[in-house]
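A.B. asks: Here is a sequence with its predicted model. Questions after.
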Amino acid sequence: MSEPLPADFLAALNAVSAPSMVHAGDRVLYANAAMQRLLGYDMATLQTMQFDAWATPDTRQALQDYGRRCLNEAGELPASETEALTASGAVRYLELNAKSVRLEQGNVLAVMTCQDLSDMRHVQSSLLDLSRVLHQIIENNPVATFVLDAEHRVTQWNTACVKLTGIAMHELMLGEREAWQAFYKEKRPLLADLIVDGRLLRGEAPVGEPGEQERPSPLIPGAFEVERFFAQMGEQGRWLFLTGAPLTDAQGRTVGAIETLQDVTARRLAEEEISRHRQELERLVADRTAELLGTHHELDAFLENASVGIITTAKQCIGRSNRKFAEMFEFGDEAPRGHSTTELFCDAQAYASLGQIAYPILSRGDSLLHEMEMCTLKGNRLWVQMIAYVADPDNPAAGTWWMLQDRTEVKRVQGELQSNFERIKETNARLEEAQNQLLQSEKMASIGQLAAGVAHEINNPIGFVSSNLGTLRRYVESMFELLGCYEKADRSVWEPSHRQEIERLRAALDMDFLAEDLPLLLNESDDGLVRVKKIVEDLKDFSRVDQTDWQDADLNAGLDSTLNVVMNEVKYKAEVVKHYGVLPTVRCRAAQLNQVFMNLIVNAAHAIVERGQITLSTRREGDWVCVSVRDSGAGMSEAVLRRIFEPFYTTKPVGQGTGLGLSLSFSIVKKHGGRIEVESEVGAGSCFSVWIPIAGPVDGIEAR
């Protein structure tokens with residue numbers, strides 16, 4: 001349909017509160033606001049959909065037939081139910097009413113209105129589910145249960161009730177008033193019957209056997225309970241505990257009653273057996289009491305004469321105690337009973353710490369063995385070994401037994417032995433460290449002397465090689481000057497044979513190339529000699545065999561000399577970046593500091609796995625200079641950082657490190673009155689900063 005719907009027609013649809021939709025057999029022409037809210041689609045979306053597109057797949061065909069039937073039949077069709085699938089994916093249950101409408105233009109439209117039955121369906125389903133659940137609760141209840149309605153007819157008789165009475169549901173004729181037959185030989189009202197009639201609430205209950213009177217339940221209002229013997233149940237009868245409660249409607253009227261039955265025969269028989277044994281037990285207790293009284297006197301004598309202090313405590317107070325305890329804690333003539341146990345401790349913290357240790361052990365019923373310092377009433381301290389156990393683990397109020405032995409003298413001797421042992425260990429450690437550092441120092445001194453000797457021996461041949469190269473350069477320059485003059489000479493006066501021979505030799509020797517290349521070769525040789533001289537000078541500066549005493553030294557120069565000596569270790573692993581500040585001369589032993597720098601630079605190179613960067617920086621801060629060696633290596637964990645200056649500690653594989661480098665460096669820097677600071681992060685690298693006082697150690701004496 002291409003013509004728009006009449007305005008008054010649309011106004012009428014919008015005035016209707018019920019969800020309404022108009023179609024002509026294919027697409028939706030119009031849907032009022034209520035219909036849009038119900039389906040979750042706006043008007044534009046609905047007008048692109050078939051009129052049945054919003055139905056669930058199972059009901060779509062039925063909706064399609066219903067909508068087209070409306071177009072073909074006059075009048076309003078009977079109501080129909082369908083399921084709508086909303087835009088959010090929810091399913092709504094709808095009741096549809098459809099009627100065909102013929103417009104003035106002659107077009108026939110179908111107007112469909114609907115009512116949402118989803119909430120009603122949900123309530124009906126919930127009631128059915130609740131009914132099933134209640135039935136299953138009663139049927140599957142392990143306690144025997146049956147239900148009577150307001151006419152005293154049996155409506156439920158669960159499996160546990162069948163098992164207890166031996167009577168099946170069909171034998172009672174469901175819906176009949178014969179439930180009493182399961183319990184009595186003659187007709188007699190059951191507890192549930194009395195509740196349905198309201199006789200118990202009115203006080204009209206029949207008088208039963210002594211002890212069998214119904215009583216109100218303490219748990220359920222309006223309910224009653226009774227314990228009764230049924231002689232006809234089982235071979236010797238059964239004792240049952242009965243509980244009955246009313247079932248009421250919404251207005252509070254009693255519409256039935258539910259009764260539960262618990263077989264308590266075993267309990268009643270046990271009570272009778274207990275009563276029979278009580279008299280026998282009382283006789284045995286009397287005999288045992290007399291025996292325990294004699295044992296008690298013997299125990300008192302043992303406690304009083306024991307060689308260790310013995311007490312009982314309860315609620316933080318001392319109960320019983322023996323003579324040895326009073327002597328240990330200096331009570332004098334005063335009785336310990338009633339004193340607070342906190343008086344035996346040096347402070348509240350000591351008392352609390354014992355509680356934290358003892359409570360978990362004693363509460364398990366285990367015995368406690370512990371030693372600690374305690375205090376006598378006169379304030380004297382003593383070291384006490386204690387053994388404790390609770391008198392009754394199930395009754396904390398029963399108290400705790402303590403056996404206390406004075407071990408003050410033993411503790412003093414042990415302390416002296418431990419102190420002597422620690423001093424010996426410390427002395428041995430210092431001796432070992434000093435020996436190793438001495439060996440390392442002697443080793444480095446030997447290496448320095450060897451380096452100095454090698455440098456001296458290399459200097460001699462370098463001297464005459466350098467001199468000879470200078471002489472050779474002058475000879476070559478003179479020869480090339482002479483050859484230049486020959487080149488300028490008039491060749492026409494030469495004999496033809498001589499001229500040809502000269503030309504042939506000149507071409508064979510490639511004189512132009514020689515004139516160009518020979519000076520370059522001499523320049524490269526001069527550069528090589530300069531580098532060799534520099535290496536020799538750095539070796540001499542590093543070793544400083546002639547400068548082992550305190551002197552003013554340039555640390556920047558020493559750092560450069562050390563770097564050149566170890567460059568073979570570094571150049572294949574890292575790029576070296578220098579950030580040198582302007583430093584004053586520092587009072588130091590330069591050879592020893594060079595050894596520190598060498599250890600730090602080599603360690604930095606070893607910390608880099610593949611290729612990285614080593615940054616050397618120096619600066620002055622007040623009366624101190626700082627030399628830093630930073631690498632981009634693997635870094636160190638907190639555990640490694642705590643031990644790096646320990647002798648023989650190394651993270652390198654066996655055979656690749658002695659563990660003495662950083663230990664010796666730390667000792668050298670300490671003797672200079674300085675310190676080493678370390679920063680490291682795993683995966684980011686490390687930085688070692690050596691701080692040296694410019695004026696040297698205090699008073700010019702080595703730091704010890």
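C.D. replies: On my side now, so go ahead. Residues are numbered from 1 along each chain as shown.

A.B. asks: Any regions of the stretch 301-450 of the chain where pLDDT drops low?
C.D. replies: 396-397, 430-450 (pLDDT under 70).

A.B. asks: show me where it has helices.
C.D. replies: Counting by DSSP state H, counting those that start in this stretch, the segments of the stretch 301-450 of the chain that form helices are 323-328, 348-363, 408-488.

A.B. asks: What of the stretch 151-300 of the chain?
C.D. replies: Under DSSP H, counting those that start in this stretch, the stretch 151-300 of the chain gives helices at 159-165, 191-197, 265-304.

A.B. asks: So for residue 589, which of those helices sits nearest?
C.D. replies: helix 265-304 (74.1 Å; C-beta to C-beta). C-betas here are computed from N, CA, C, even on glycine.

A.B. asks: Same question for the helix or strand that contains residue 134: list its buried residues.
C.D. replies: Element membership of residue 134, judged by DSSP states H and E, is helix 118-140. Across helix 118-140, burial judged by 16 or more other C-beta atoms under 10 Å covers residue 138.

A.B. asks: now swap in stretch 50-57 and tell me
C.D. replies: 50-55.

A.B. asks: by how many degrees do the helix or strand following the helix holding residue 134 and helix 118-140 diverge?
C.D. replies: Per DSSP H and E, the first helix or strand lying C-terminal to helix 118-140 is strand 144-149. Counting by axes from the mean of the first three to the mean of the last three C-alpha atoms, to 10 degrees, strand 144-149 lies at 130 degrees to helix 118-140.

A.B. asks: and strand 144-149, what other elements does it pack with?
C.D. replies: With contacts taken as 3 or more C-beta pairs under 8 Å, 6 or more residues apart in numbering; DSSP states H and E, strand 144-149 sits against strand 154-157, helix 159-165, helix 191-197, strand 254-263.

A.B. asks: So which of those is the most surrounded?
C.D. replies: Of all these, helix 191-197 has the most neighbours on average by mean count of other C-beta atoms under 10 Å, namely a mean of 22.

A.B. asks: what about that one, distance to the chain center?
C.D. replies: 61 Å (C-alpha atoms, centre = their mean, to the nearest Å).

A.B. asks: Tell me if I am right that residue 665 is in a helix.
C.D. replies: Yes. The assignment for residue 665 (DSSP: H, G, I helix; E, B strand; the rest coil) places it in a helix.

A.B. asks: where does it sit relative to residue 618, distance-wise?
C.D. replies: 17 Å (C-beta to C-beta, to the nearest Å).

A.B. asks: Give me the more crowded residue out of the two.
C.D. replies: residue 665 (23 against 18; other C-beta atoms under 10 Å).

A.B. asks: Would you confirm that the more buried one contacts residue 678?
C.D. replies: No. In this structure residue 665 lies outside contact range of residue 678 using C-beta atoms under 8 Å: 11.3 Å.

A.B. asks: what number of residues lie near residue 214?
C.D. replies: Count around residue 214 with other C-beta under 10 Å applied: 19.

A.B. asks: so who does residue 194 touch?
C.D. replies: 200, 205, 214, 224, 244 (C-beta atoms under 8 Å, 6 or more residues apart in numbering).

A.B. asks: please redo it, this time with the cut-off set to 10 Å
C.D. replies: 200-202, 204-206, 214, 224, 226, 244, 257 (C-beta atoms under 10 Å, 6 or more residues apart in numbering).

A.B. asks: Only the buried subset of these, as a PyMOL command please.
C.D. replies: PyMOL command restricting the contacts of residue 194 to the buried ones, with burial defined by 16+ other C-beta under 10 Å:
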select buried, resi 200+205+214+224+226+244+257
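
A.B. asks: quick check, nearest of the contacts of residue 194 to residue 285?
C.D. replies: residue 226 (35.5 Å).

A.B. asks: Look up how far residue 347 lies from the closest one.
C.D. replies: 63 Å.

A.B. asks: Likewise for residue 643?
C.D. replies: 37 Å.

A.B. asks: So these two - more neighbours on which side?
C.D. replies: The residue with more neighbours, out of residue 643 and residue 347, is residue 643; 13 against 10, by other C-beta under 10 Å.

A.B. asks: Mind checking what secondary structure that one has?
C.D. replies: coil.

A.B. asks: ok, the host helix or strand of residue 677: who's next to it in the sheet?
C.D. replies: Following DSSP H and E, one finds residue 677 within strand 675-681. When pairs are called by DSSP bridges, strand 675-681 turns out to pair with strand 685-693 (antiparallel).

A.B. asks: How far off centre is the partner strand?
C.D. replies: Distance, centroid of strand 685-693 to centroid of chain: 36 Å (C-alpha atoms, centre = their mean).

A.B. asks: now do stretch 355-375
C.D. replies: 31 Å.

A.B. asks: before we move on, the earlier item: identify the contacts common to residue 665 and residue 678.
C.D. replies: Joint contacts of residue 665 and residue 678 (C-beta under 10 Å, 6+ apart) are 645, 688.

A.B. asks: before we move on, the earlier item: averaged pLDDT, the strand holding residue 677. What do you get?
C.D. replies: Per-residue pLDDT over strand 675-681 has a mean of 90.
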